[in-house]
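> got a predicted structure plus its sequence, pasted below:
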Amino acid sequence: KFGEASTIFVTNKFIFPWKMPLPQCNFKDGYRSGVKSGNVEMAMWCHVNGTILIPILLGNPLCPIKTKCSSTLALCEELKQELHGTFVKMNWQLLFNLMALDDETTILSGSVCRLRELDMEAVGTDF
């Protein structure tokens, strides 16, 4: 059962978007399975993608997504998932920039995160 969250994440993130409409991708089961089995890393990737990234890609209203960023970041910090937290901060700042809530609108920098201050080595090349 430990690998179930990984399978759900990979299929919903990389395979299903090519096979069905993006709104049908479901990360909730991956989150539940990961939490239940102790696979916190994959559980959080499912949660972050399903809560923040996919709604942004779908063009959903930005304000409700922005509202979820705070609680998602708190969960990342509580579970000591630093990489996930960085991903949330980057997307949260993206929302601030898109909504013109910060002075900077073209560089990922503002009140939530400053790209230059992020530990890009920890982030890796996935972004």
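Received, thanks.

> so what's the residue most central in space within the chain up against?
Geometric centre of the chain, nearest residue: Val48, 3.1 Å, by C-alpha atoms, centre = their mean. Applying C-beta atoms under 8 Å, 6 or more residues apart in numbering, we find Val48 in contact with 72, 76, 84, 87-88. Quick note: C-beta positions are derived from backbone N, CA and C, even for glycine.

> average pLDDT across the helix or strand hosting Cys63?
Assigned by DSSP states H and E, Cys63 belongs to helix 62-78. Averaged across helix 62-78, pLDDT comes to 97.

> in the next helix or strand after that helix, what's buried?
Next helix or strand after helix 62-78 toward the C-terminus (DSSP H and E): helix 82-98. Buried residues in helix 82-98, counted by 16 or more other C-beta atoms under 10 Å: 83-97.

> cool, stretch 19-26 as well?
Cys25.

> how far does that stretch sit from the chain's center?
17 Å (C-alpha atoms, centre = their mean, to the nearest Å).

> now stretch 85-105
Distance, centroid of stretch 85-105 to centroid of chain: 13 Å (C-alpha atoms, centre = their mean).

> residues in contact with the spatially most distant residue from the centre of the chain?
Relative to the centre of the chain, the most outlying C-alpha is that of Asp103, 23.6 Å out, by C-alpha atoms, centre = their mean. With contacts defined as C-beta under 8 Å, 6+ apart, Asp103 is in contact with Gly110.

> tell me who's in contact with Asn12.
25-27, 30, 46, 49-50.

> flag whichever of those scores worst on pLDDT.
At the low end of pLDDT for these is Cys25, which has 86.

> so it is in contact with Pro17, correct?
Yes. Under the criterion of C-beta atoms under 8 Å, Cys25 makes contact with Pro17 at 6.2 Å.
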